[in-house]
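# model the structure of this input:
(one chain, ligands or ions: 1)
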Amino acid sequence: MTFASLGLIEPLLRSLETLGYQTPTPVQAQAIPAVLAGRDLMAAAQTGTGKTAGFALPLLQLLAMEGPKVAANSARALILVPTRELAEQVHESVRQYAENLPLRTYAVYGGVSINPQMMKLRGGVDVLVATPGRLIDLFRQNALKLDQLQTLVLDEADRMLDLGFSEELANIYRMLPKKRQTLLFSATFSDDIRLLAGQMLNDPLSIEVSPRNVAANTVKQWVVTVDKKRKAELFVHLMRKNKWKQVLVFAKTRNGVDALVEKLQGLGVNADGIHGDKPQATRQRALDRFKLSEVQILVATDVAARGLDIEDLPLVVNFDLPIVAEDYIHRIGRTGRAGATGEAISLVCADEVNMLSAIEMLTRQTLKRQNEPDFEPEHRVPDTDASGQVIKKPKKPKKPKTSGGGGKRNLGKWVDSGDTQAPEPSIKPVRKVPVFNTGPRKRKP
Ligand code: AMP
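Numbering: from 1, shown residues only. I've put the predicted structure just below:
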């Protein structure tokens, strides 16, 4: 199959040639003809499957071929994304695809001054990429009108709900013309997303290019169990032993990001961090330098790293497991993109066993465990499997104390195989369920 056979026009085909795209990915093969035919879409596509081109190419074609010239302070197509970084990234892709078309594209997001954005919108833009909060601000200040809007794209819709944008989405929905085309993309699909889809879409075509909630099978994944307090030490050990060149590391909190970056920098490692507390310009600079391989280790929280497209990233390390199991899929989606192979290593301590279990259940696989000599945890991580079971084995009965017993190393360990006791019943894994329309939540983890 070729892009030409999907009905794309010559200026777009030329852009794709420049970018080196030869064959449409499965999501592109399904989405492009459907969008060109004017259908609404509800697409479940993993990160890294080429979904951006899947919606952007036909959208640009429709804008180039149909509809009036864009009016002042107007947008003809709106792509809503959850984070600033994703806005930049999606806009960059759209800009490249539109290179040979007479269309104006632009991205707006919070965390930077609104004035230049207002000025830029004066002339009108054909494609506007936006985060929900800033879009509403611009609309309320009359810098943007949406009566000319032909197409709305909700990209990473699941993430928008997770980040508490449900109220903003409901507001934006009221600002839109009733007659429009709507395309909803989400890596994972929950009941709340389906509810949102029911409100926003009109007779949508459902596209599911990969089994739901299954991580890319080009990514080799495994777990190294370790005590919480030794994670940083283990990370440095693995980095040196395996001579890691470029690694994206995920930590749970902003403090966790800062602490690891500080430790690595203290050891002379070229590391940087991104999280919601850092100014946008600093985050973007760290990311750009990482992409240019000027930074070797980039440590990030989930929000800061969402949707980042880094070419040929060989390795993702989960320094902490994500609290929301779906985030695991997004995280490891940073590697193994567009058919390349990648590795994802998770450093897991006993506290995280329920998160590990939730991830295994969601991805329907038991993650392979690999112990690192000298780092075997004193607090053993109970066995887990894809059924959601956490198999706790009873503790060894305490030995009577003897002088100089040195029993400390064994405290908290579980009895190894061979014990005859049945495992405890399964413990329900922790999963956060996003709720639509119940007010804003914390936006910057
Ligand atoms: P996305 O899932 O949209 O973030 O895309 C993931 C990566 O795949 C990006 O680097 C795209 O430039 C690249 N890509 C998308 N479609 C194709 C294609 N048909 N052939 C080669 N690379 C592609």
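# what does the host helix or strand of Phe235 contact?
Taking DSSP states H and E as the criterion, Phe235 maps to helix 231-241. For helix 231-241, contacts defined as CB atoms under 8 Å, 6 or more residues apart in numbering pick out 224, 226, 244, 247, 249, 259-260, 263-264, 267, 269, 297, 317, 319-320, 345, 347, 349, 372, 375. C-betas here are computed from N, CA, C, even on glycine.
# for PyMOL, what selects the buried ones among those?
Burial among the contacts of helix 231-241 is assessed by 16 or more other CB atoms under 10 Å; the matching PyMOL selection reads:
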select buried, resi 224+226+244+247+249+259+260+263+264+269+297+317+319+320+345+347+349+375
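# if we can go back for a sec, state the mean pLDDT of the helix holding Phe235.
Mean pLDDT, computed over helix 231-241, is 96.
# now do the buried residues in that helix.
In helix 231-241, counting by 16+ other CB under 10 Å, buried: 231-232, 234-235, 237-239.
# check whether stretch 78-90 comes near the ligand.
No. Counting by CB under 6 Å from any ligand atom, the ligand has no neighbours in stretch 78-90; the shortest distance is 7.5 Å.
# please list the members of the contacts of helix 231-241 that lie in helices.
Counting by DSSP state H, the contacts of helix 231-241 place 259-260, 263-264 in helices.
# would JSON lines of the buried residues of helix 231-241 with distance to Gly124 be doable?
Conversion of the buried residues of helix 231-241 to JSON lines gives the following (distance: CB to CB, whole Å):
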{"residue": "Lys231", "distance to Gly124": "51"}
{"residue": "Ala232", "distance to Gly124": "51"}
{"residue": "Leu234", "distance to Gly124": "54"}
{"residue": "Phe235", "distance to Gly124": "49"}
{"residue": "His237", "distance to Gly124": "55"}
{"residue": "Leu238", "distance to Gly124": "52"}
{"residue": "Met239", "distance to Gly124": "49"}
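# for the residues you listed, which one is nearest Pro102?
Met239 (48.5 Å; CB to CB).
# from the ligand, how far off is the closest one?
Distance, Met239 to the ligand, by CB to the nearest ligand atom, to the nearest Å: 25 Å.
# what separation do you get for that residue and Val249?
Noted for Met239: a distance of 10 Å to Val249, by CB to CB, to the nearest Å.
# what's the overlap in contacts for these two?
Common contact partners of Met239 and Val249 (CB under 8 Å, 6+ apart): Ile297.
# need phi/psi at Leu41.
Per-residue torsions, Leu41: phi -130, psi 150 (degrees, to the nearest 10).
# pretty sure it is touching Ile32, no?
No. The pair Leu41 / Ile32 is not scored as a contact, 10.5 Å apart, by CB atoms under 8 Å.
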